[in-house]
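> Quick one, fold the following:
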Amino acid sequence: MHTREVAEYYQAKQKAARSIVRGWVKPADLPSNAEIRDQVQILARMLEPETPDRVLQAMRLRALFWMRHLDGYHPRLIGSVLTGGIREGSDIDFHLFANHVDAIADELDDLGTNYRVERKRLLKEGQLRVFTHIHIDDEYPIELTVYPLAQMGHRFRSSITGKPIERATRPELEKLIEIQHGFNADALATQMADMNTRPDRASVFLALLIPLEGVRENPRYHPEGDALHHSLQVFELGRDASAWDEEFLLAALLHDVGKAIDRDDHVAAGLEALDGFISDRTAWLIAHHMEAHTIRDRTIGARRRRHLTSHPDFETLMLLNDCDRHGRVPGARTCSPEAALDYIDSIPN
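Numbering: from 1, shown residues only. Modelled structure (predicted):
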């Protein structure tokens, strides 16, 4: 759970139990959610540096920005950004209330926002329930959980402690920012005016890359481990081969970002998340990087092969494939995703 390979407590318990004990484990023999939470927090303090106050401040300001834009859906801020217990990779979490998710989606479309809707079926309080989440690609990962309007007055309880979840309305968050971060009404107004619903592309790319660290690959094909390590290796090989081709290097770095969204169709999921932030050429390279494997393996159909080979970027696609195939070395040294994005941004136009 610390690496976000598993997000749900029940799933984490079952996975851990299967790795230690063969057969069924009684629920009473498993640790409680609170015990797991405490151990994850201890591990986080051991492995991660203390989060600077400025990051918490920035996340709260961004949360307020979105609450103002989504005010018609009665947003409530919950989670670590409200309580102050953020760590690397923390989300900005909201409860929203609307009888039709499409209304919120239309609002996000009007704002030019990249997002995806997810419906999860979870066993909660002895009942199978469906939860609707909207994930927004932003400077920090944002998750909106949408409930019917009739539940606006309901006091949701934490699955960890059993106590009511702490939550804040927009005015309450404004007051918190004023008290803890020293922003008066004029300063807040200035901050909000300077913000935009469309984040810079580097922030979007980083938000899509970081979750790949929790995506474990099939060791038969990817002995290097997680999808982020693979992506950074492909980027390094691409930089060695074509150091000044920004569109190609973005394809090398981002070709697998969809694996953290939809493992069954990572190409389509990645392209949807990247839509509006990459060029048509980069999108074409990502869209066809899996087909390039079938060209190398000689398993592609003749008509499809002719279609791809006639494209002006066919040679670049095959260069991407070379990097993709060789970027699978266990323990290979790579730069960080931040350094990779900084390098790409430094390429002269």
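
> Next SSE downstream of the lowest-mean-pLDDT helix or strand in the chain?
Counting by mean pLDDT, DSSP states H and E, the weakest-scoring helix or strand in the chain turns out to be helix 33-47, with a mean of 67. For helix 33-47, the succeeding helix or strand toward the C-terminus, using DSSP states H and E, is helix 53-69.

> tell me the average confidence for that following helix?
Mean pLDDT, helix 53-69: 92.

> same check, this time on stretch 142-156
Mean pLDDT, stretch 142-156: 92.

> Quick one: distance of that stretch to the chain centre.
Its chain's C-alpha centre and that of stretch 142-156 lie 22 Å apart, by Cα atoms, centre = their mean, to the nearest Å.

> And the contacts of it?
With contact meaning Cβ atoms under 8 Å, 6 or more residues apart in numbering, stretch 142-156 is reached by 66, 70, 73-75, 91-99, 101, 104, 131-136, 164-165, 167. In this view, the C-beta of every residue, glycine as well, is placed from N, C-alpha and C.

> just checking, which of those residues belong to strands?
Among the contacts of stretch 142-156, the members falling in strands (DSSP state E) are 92-97, 131-136.

> Now that we have those, which of them are buried?
92-97, 132, 134-136 (16 or more other Cβ atoms under 10 Å).

> quick one: buried residues of stretch 180-192?
Within stretch 180-192, the residues that count as buried by 16+ other Cβ under 10 Å are 181, 183, 188, 191.

> To clarify, my last question referred to stretch 201-218.
For stretch 201-218, burial by neighbour count (16+ other Cβ under 10 Å) applies to 201-202, 204-215, 217.

> With stretch 154-171 instead?
Neighbour counts over stretch 154-171 (16+ other Cβ under 10 Å) mark 159, 165, 167-168, 170 as buried.

> Repeat that for stretch 133-148.
Quick answer for stretch 133-148 (16+ other Cβ under 10 Å): 134-142, 144-147.

> Also stretch 55-74?
56-57, 59-67, 69-70, 73-74.

> Likewise for stretch 73-91?
Residues of stretch 73-91 classed as buried by neighbour count (16+ other Cβ under 10 Å): 73-82, 86-87, 89-91.

> And stretch 262-272, by the same measure?
262, 266-267, 269-271.

> So among the buried residues of stretch 154-171, where is pLDDT lowest?
For the buried residues of stretch 154-171, the least confident entry is Ser159, with 71.

> quick one on the thing from earlier: now, among the buried residues of stretch 73-91, which is nearest to Ile286?
When those are compared for distance to Ile286 (Cβ to Cβ), Gly89 comes out closest, at 23.7 Å.

> Tell me the confidence at the closest one?
For Gly89, pLDDT reads 72.

> who's in contact with the closest residue in space to it that isn't next to it in sequence?
In this structure, Gly89 finds its nearest non-sequential neighbour in Ile210, 5.9 Å apart by Cβ to Cβ, 6 or more residues apart in numbering. By Cβ under 8 Å, 6+ apart, the residues touching Ile210 are 89, 228, 337.

> could you redo the last one with a cut-off of 10 Å?
By Cβ atoms under 10 Å, 6 or more residues apart in numbering, the contact set of Ile210 is 4, 88-89, 141, 228, 257, 260, 337-338.

> Let's verify it: helix, strand, or coil?
Classification of Ile210 using DSSP: H, G, I helix; E, B strand; the rest coil returns helix.

> Looking at the buried residues of stretch 180-192, which is nearest Gly276?
The nearest one, if we look at these relative to Gly276 and count by Cβ to Cβ, is Gln191, at 24.8 Å.

> any idea of the mean pLDDT in the helix or strand hosting the closest one?
Assigning secondary structure by DSSP H and E places Gln191 in helix 185-194. Helix 185-194 carries an average pLDDT of 88.

> before we move on, back to that, which one among the buried residues of stretch 73-91 gets closest to Ile347?
Looking across the buried residues of stretch 73-91 and measuring by Cβ to Cβ, the closest to Ile347 is Gly89, at 27.4 Å.

> Would you check how far apart the closest one and Leu209 are?
In this structure, Gly89 and Leu209 are 11 Å apart, going by Cβ to Cβ, to the nearest Å.

> what's the answer for Thr197, then?
Distance, Thr197 to Leu209, using Cβ to Cβ: 21 Å.

> Leaving out sequence neighbours, find the closest residue to Gly270.
In this structure, Gly270 finds its nearest non-sequential neighbour in Gly258, 2.9 Å apart by Cβ to Cβ, 6+ apart.

> does the one you found sit in a helix, a strand or a coil?
helix.

> Ala269 is in contact with that one, correct?
Yes - using Cβ atoms under 10 Å, Gly258 is in contact with Ala269, at 3.5 Å.

> quick one: Val25 from Lys15, how far?
11 Å.

> repeat for Asp226
Taking Cβ to Cβ, one finds Asp226 at 16 Å from Lys15.

> can you pull the contacts of Val130?
By Cβ under 10 Å, 6+ apart, Val130 lies in contact with 119-122.

> From His100, how far out is it?
Distance of Val130 to His100, computed by Cβ to Cβ: 15 Å.

> do Gln191 as well
Gln191 sits 31 Å away from His100, going by Cβ to Cβ.
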